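Student: pasted the sequence and its predicted model underneath.
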Amino acid sequence: MAAAAKLQLLVRQPDTASILAGIPDLKESGLSRVPAKAAACSPDGTKLAAVTDASVDVYDLVGGKKVQVLQVNGTVLVDWSKTGAYITTAQRPSKGEDGQPAKNIKVWDVASGSLVLAVSVKSVNKESWPILQWGHGDEAVYHGVTNTVHHYKRAEGFKHPKKVPIKAVASFQPCPAAGKQLLAAFIPESKGQPAVATVMDCSGAAEPVTISRKSFYRATGASIMWNASSTACLFMVTCETDATNQSYYGESRLHYLPADPARADSACAVAMPKDGPVHDVQWSPAGDYFVVVAGFMPAKVILHDDKCKAVYDLGSGPYNTARWNPFGRFLAIAGFGNLPGDVVFYNKLNKGVCKQMGATRSGSAVTASWSPDGRHLLTATTAPRLRVDNNVRIFTYYGDKVCEQPFDILLEASWVQPPPGTSYEDRPPSPECISKATGSPSGAINGAAAAAGGSTAPAKATYRPPAMRSLQQHLQAGAAAINNGPTFSLAYDNSSKPGRITQTGKQLPPGADFVSKAAAKNAKKRANKKAKPGGEGCVDGQEDDEAQGGPSTSGSVGIDAAVAGLNQQVCNSTWTSKWCMQGICDSTAFVLANSACEVVITICALVTGLRRPWR
């Protein structure tokens, strides 16, 4: 097995980019402060593309030398293909000498430096980048135009594209699996017509075949996410306005579409655990689970399997970000941006069960990403989100901070993928490290306590006689209320406990609500009680008579018993009230008590619609 290389970081500051190597030192390597207005490392970790005013320079990360220069002026964005054989550059939209829109999106062969494809796009921005979508192994590249998706094949030299007609398509994503030509597309809502999410098979020579499809309203944009095996796809749709007026930033929802024709009926809206926006959705790199962070703060975190079945509840807290490590074993749940920066680490076990390994806090962090070895988490505070206290921090998978490096202005920070021949093992967590981090052999700690500064082993309680325990509990509760103040918190919900989500009874379609075992048992009891003679509720014929306004004599035994019990209670309360008031004024007490009795009986008669038998 090849030896593991040192972990490397790409950091970009104004007009320069550098490679930092080694943890915890993070020292500059051979590439230090190269001119770059934008930079990106290749997926195989061997090259760096640095954008300048006149060209795009390609550097070798191993030797630190410039190996290629792409002559393209005014590049604003750059992107690598799946294998790192091609580079896509973007220029600002402009017009050529003939008055037609200039081709501002270009694909370059890195080895030869030649231009292989050029298309024109009216708008270029980071939100929609990359505009060209690459298939598995760079076998094809997709470009969306009006009502059509162009499919360019590498074997044909990216010439003569195959046209896939999709009316009003706004965004699309090819599947990442090898040997498949599946395309997921989104059509926004327009002119009273609902939005559409669809998965199609484009392998045939004729028009694409629809595998699954779902339509819905209140959707103007979407982010499309495939799992690694290309068996399912998630659409996180957004709308600029919120119909419920609960959010100024619009609303968002999540939809699940299978890529198997036999499971086309399983397309559904993913049931959210609480009201509010969908903050983040992430597929596991293994493709067998996805995690959803959704709801108003404190947000809820739910783990689903690849069939869209909720399997584990990770609780709630001030979270809006989820990150899987490259092996799909460790999961980090964090809250960045305007949240405190709490980070909780989980270990995913069999059948989706997640065990907490540790927690920490990275204040003012903006981004987070796992290292290629899956054992470290990088958080970065970058501009322009924040122009002060810019830094990078690296934590272990159980929450210990191993290094921190400040910067005057930091624009970007990301991991560099390991070069070919380097491999990392998917190792389970170390029991010794987890026990040390949590302070207990079990390794489970409370997220709020850990974020506030960790946890310690609880002290042994002092023995108290049973007669003194109630008094001691009252005293402790009063002292806590005085010292700690109110227990209400917008960050943590103590009533939301993590645990496995189980469904009993008949299997329902994915996303559908289910009835718990206790609720089904109570409903059966109520039904049996109604069916008994003299039971509560309506029996045969009673509901129809009451709907027509006629008198109802059915169930009179039960009604008479209820009225008799009510009369007895009212009379008891009357004599009790009279006895209490006798010492003040016997006559006044009697009048008030009887008046109260008359009012109560009259209200009951109006509500039940019965004749008053006491008259």
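Tutor: Noted; the coordinates are in hand.

Student: buried ones in whatever helix or strand Ser369 lives in?
Tutor: If you go by DSSP states H and E, Ser369 is part of strand 367-370. By 16 or more other Cβ atoms under 10 Å, the buried positions in strand 367-370 come out as 367-368, 370. In this view, the C-beta of every residue, glycine as well, is placed from N, C-alpha and C.

Student: contact partners for Ala413?
Tutor: Taking Cβ atoms under 8 Å, 6 or more residues apart in numbering, we find Ala413 in contact with 9-12, 367, 378, 380, 382, 392.

Student: for it, name its beta-bridge partners.
Tutor: Counting by DSSP bridges, Ala413 is bridged to Val11.

Student: host element of the residue nearest to Arg263 when sequence neighbours are not counted?
Tutor: Among residues not flanking Arg263 along the chain, Ser212 sits closest, at 7.7 Å (Cβ to Cβ, 6 or more residues apart in numbering). Element membership for Ser212 (DSSP H and E) is strand 209-216.

Student: what's the closest of the contacts of Ala413 to Lys162?
Tutor: The nearest member of these to Lys162, counting by Cβ to Cβ, is Leu10 at 35.9 Å.

Student: so for that closest one, what's the pLDDT?
Tutor: Looking at Leu10, its pLDDT stands at 92.

Student: is it correct that it is in contact with Lys47?
Tutor: No. Leu10 is beyond contact range of Lys47, at 11.6 Å (criterion: Cβ atoms under 8 Å).

Student: any chance of the buried residues of strand 367-370 in TSV with distance to Ala111 and pLDDT as columns?
Tutor: Formatted as TSV, the buried residues of strand 367-370 follow (distance: Cβ to Cβ, whole Å; pLDDT from 0 to 100):
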residue	distance to Ala111	pLDDT
Thr367	32	92
Ala368	34	93
Trp370	31	95
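
Student: possible to save those residues as CSV with distance to Tyr248?
Tutor: Below are those laid out as CSV (distance: Cβ to Cβ, whole Å):
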residue, distance to Tyr248
Thr367, 24
Ala368, 26
Trp370, 32
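
Student: which of the residues in the strand holding Ser212 are buried?
Tutor: Buried, per 16+ other Cβ under 10 Å, within strand 209-216: 211-212, 214.

Student: so what sits against both of Leu10 and Lys47?
Tutor: Cys41.

Student: does Val164 lie in a helix or a strand, and which?
Tutor: Using DSSP H and E, the element containing Val164 is strand 162-165.

Student: with just CA atoms, put that strand into PDB.
Tutor: Once non-C-alpha atoms are left out, strand 162-165 reads as follows in PDB (Å, rounded to 0.1, in the frame of the first residue of the first chain):
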ATOM      1  CA  LYS A 162     -26.700  15.500 -29.600                       C
ATOM      2  CA  LYS A 163     -29.700  17.600 -28.800                       C
ATOM      3  CA  VAL A 164     -31.900  16.600 -25.900                       C
ATOM      4  CA  PRO A 165     -35.200  18.500 -26.100                       C
END
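
Student: gap between whatever helix or strand comes next after it and the chain center?
Tutor: Note on strand 162-165: by DSSP H and E, the next helix or strand toward the C-terminus is strand 171-174. In terms of Cα atoms, centre = their mean, to the nearest Å, the centre of strand 171-174 is set 20 Å apart from its chain centre.

Student: mind giving me the packing neighbours of strand 171-174?
Tutor: strand 133-134, strand 140-145, strand 182-187, strand 221-226 (3 or more Cβ pairs under 8 Å, 6 or more residues apart in numbering; DSSP states H and E).

Student: look up how far Thr210 lies from Ala368.
Tutor: Note on Ala368: its distance to Thr210, by Cβ to Cβ, to the nearest Å, is 37 Å.

Student: now do Lys6
Tutor: Look at Lys6 and Thr210: by Cβ to Cβ, they are 48 Å apart.

Student: same check, this time on Ile166
Tutor: Separation of Ile166 from Thr210 (Cβ to Cβ): 10 Å.

Student: and stretch 180-194, C-alpha only, in PDB?
Tutor: Extracted in PDB, the C-alpha atoms of stretch 180-194 (Å, rounded to 0.1, in the frame of the first residue of the first chain):
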ATOM      1  CA  LYS A 180     -25.100   5.400 -17.400                       C
ATOM      2  CA  GLN A 181     -26.500   8.400 -19.400                       C
ATOM      3  CA  LEU A 182     -29.100   9.600 -17.000                       C
ATOM      4  CA  LEU A 183     -30.000  13.300 -16.800                       C
ATOM      5  CA  ALA A 184     -31.900  15.100 -14.000                       C
ATOM      6  CA  ALA A 185     -33.600  18.300 -15.100                       C
ATOM      7  CA  PHE A 186     -35.700  21.000 -13.400                       C
ATOM      8  CA  ILE A 187     -38.400  23.200 -15.100                       C
ATOM      9  CA  PRO A 188     -39.500  26.200 -13.000                       C
ATOM     10  CA  GLU A 189     -43.100  27.200 -12.500                       C
ATOM     11  CA  SER A 190     -44.400  29.600 -15.200                       C
ATOM     12  CA  LYS A 191     -47.700  31.100 -16.300                       C
ATOM     13  CA  GLY A 192     -49.800  29.000 -13.900                       C
ATOM     14  CA  GLN A 193     -48.100  25.800 -14.900                       C
ATOM     15  CA  PRO A 194     -46.400  23.800 -12.000                       C
END
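
Student: tell me which residues in it are buried?
Tutor: Within stretch 180-194, the residues that count as buried by 16+ other Cβ under 10 Å are 180-189.

Student: check stretch 156-173 too.
Tutor: Within stretch 156-173, judged by 16+ other Cβ under 10 Å, the buried ones are 158, 161, 164, 166, 168-173.
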